[in-house]
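Q: below: sequence and its predicted model.
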Amino acid sequence: MGDLHTPQAKPQTLKEAYSQPENVLEIDVCNPQTHGIGRARYTDYEVRVKTNLPVFQLKESSVRRRYSDFDWLRTELERDSKILVPPLPSKAWRRQLPWINDRESLFDEAFIEQRRQRLEEFLNKIAGHPLAQNEKCLHMFLQEQVIDREYTPGKVRGK
């Protein structure tokens, strides 16, 4: 049997360690805001994107999305892509009952923060998948102010 050698790792230079990574896709879900009153009350979240991936038209973008928009994205990806789509945080039906007090409602600050974190995890898992990065629905969700729910599903081509 031949002599097996372990490849030697090349030490990283300071320039390599602190330079811009080749592929960057940063997605933050932040700044939750609650709007409306009574049964028309809802919370939306800012979705910020910074990327240098050529498949994305905008290198930086910011849009506001409701939970129902995240649910739409998940449904579209399940229907049209070949990736395993992670679950969303639950709809929290019990928190929507009319007799629930403010501390246990959908608008409790601790609940909103927990949901924000889980929505951010959901988006980063999806957007980190190379096949999902080419889906029109993901690009629309991340970078267009208004989601066209009548769009034609398909792939996006990089520059």
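A: That came through, no problem. Residues are numbered from 1 along each chain as shown.
Q: please identify which helix or strand holds Leu88.
A: Using DSSP states H and E, Leu88 is not contained in any helix or strand.
Q: report pLDDT for the spatially most central residue of the chain.
A: Note on the chain: the residue nearest the mean C-alpha position is Leu123, at 2.2 Å, using Cα atoms, centre = their mean. pLDDT for Leu123: 96.
Q: just give the nearest non-adjacent residue to it, would you?
A: Counting by Cβ to Cβ, 6 or more residues apart in numbering, Leu123 lies nearest to Ile27, which is 5.1 Å off, once chain neighbours are set aside. In short, each C-beta sits where N, CA and C put it, glycine included.
Q: ok so the one you found is a helix residue?
A: No. Read with DSSP: H, G, I helix; E, B strand; the rest coil, Ile27 is strand and lies in no helix.
Q: Glu78 should be in a helix, yeah?
A: Yes. Assessed by three-state DSSP, Glu78 belongs to a helix.
Q: show the pLDDT at the nearest residue to it once chain neighbours are set aside.
A: Leaving aside its sequence neighbours, Glu78 sits nearest to Val85 (Cβ to Cβ, 6+ apart; 5.0 Å). At Val85, the model reports a pLDDT of 92.
Q: residues making contact with whichever strand or helix holds Thr75?
A: Using DSSP H and E, the element containing Thr75 is helix 67-80. Under the contact criterion Cβ atoms under 8 Å, 6 or more residues apart in numbering, helix 67-80 has outside partners 42-43, 83, 85, 88, 91, 115, 119, 122-123, 126, 132, 135, 137-138, 141, 147, 149, 153-154.
Q: try stretch 39-50
A: By Cβ under 8 Å, 6+ apart, stretch 39-50 touches 24-36, 56, 58-67, 106-107, 112, 115-116, 119, 123, 141-143.
Q: with stretch 27-37 instead?
A: 41-49, 64, 107, 112-113, 116-117, 119-120, 123-124, 127, 142.
Q: now, those residues that are in strands?
A: If you go by DSSP state E, the contacts of stretch 27-37 have Tyr42, Thr43, Asp44, Tyr45, Glu46, Val47, Arg48, Val49, Arg64 in strands.
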